[in-house]
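Asks: sequence first, predicted coordinates after that:
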Amino acid sequence: MSLYYFHSFHSNVSTLSNLLENCRQKLWMYVSLEDVEVSKAKEEQLKKMVKENREIEEDINSLRMISEDGFLSDEKKV
C-alpha cells in the first residue's frame, strides 16, 4: 500500500509540475514582447536613476568635506 501511495504521490507531483509548466507557457503567449520590453526599460531607467542619485550624494559629500576643510583652514589663520 505504501508503494501505491508513493507512486500516486509521484504521479500527482509530476502532473502538477506539467500543469504549471503548461500554464507558464500559455501565459508567455498572452504577454506580448512589447510589454516585456517596456518593463525591462522601466527597470533599467530605475537603475540609472538610483546610480545617478548615489553619484550626486557622493559629490555632495565631497563638496561638504572640501568646504569643511577650507573653513577649518580659514579658522586656523585667524
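Replies: Arrived safely, thanks for sending. Numbers count the residues shown, from 1 in each chain.

Asks: for this protein, which spans come out with low pLDDT?
Replies: 1-13, 33-36, 38, 71-78 (pLDDT under 70).

Asks: domain-wise, how is it divided?
Replies: 1-30, 32-78 (automatic domain parsing).

Asks: now for Lys40: which residues touch it?
Replies: Under the criterion of Cβ atoms under 8 Å, 6 or more residues apart in numbering, Lys40 has no neighbours. C-beta coordinates here come from the backbone N, C-alpha and C atoms, glycine included.

Asks: and it, which of the three is it?
Replies: Assigned by DSSP: H, G, I helix; E, B strand; the rest coil, the conformation of Lys40 is helix.

Asks: 26 is where my numbering starts, stick with that
Replies: I'll keep to 26 as the first residue from here, and by that count the last item is Lys65.

Asks: distance of it from Arg79?
Replies: According to Cβ to Cβ, to the nearest Å, Lys65 stands 21 Å off from Arg79.

Asks: what's the helix or strand for Ser39?
Replies: helix 27-55 (DSSP states H and E).

Asks: equivalent analysis for Met74, please.
Replies: Assigned by DSSP H and E, Met74 belongs to helix 58-102.
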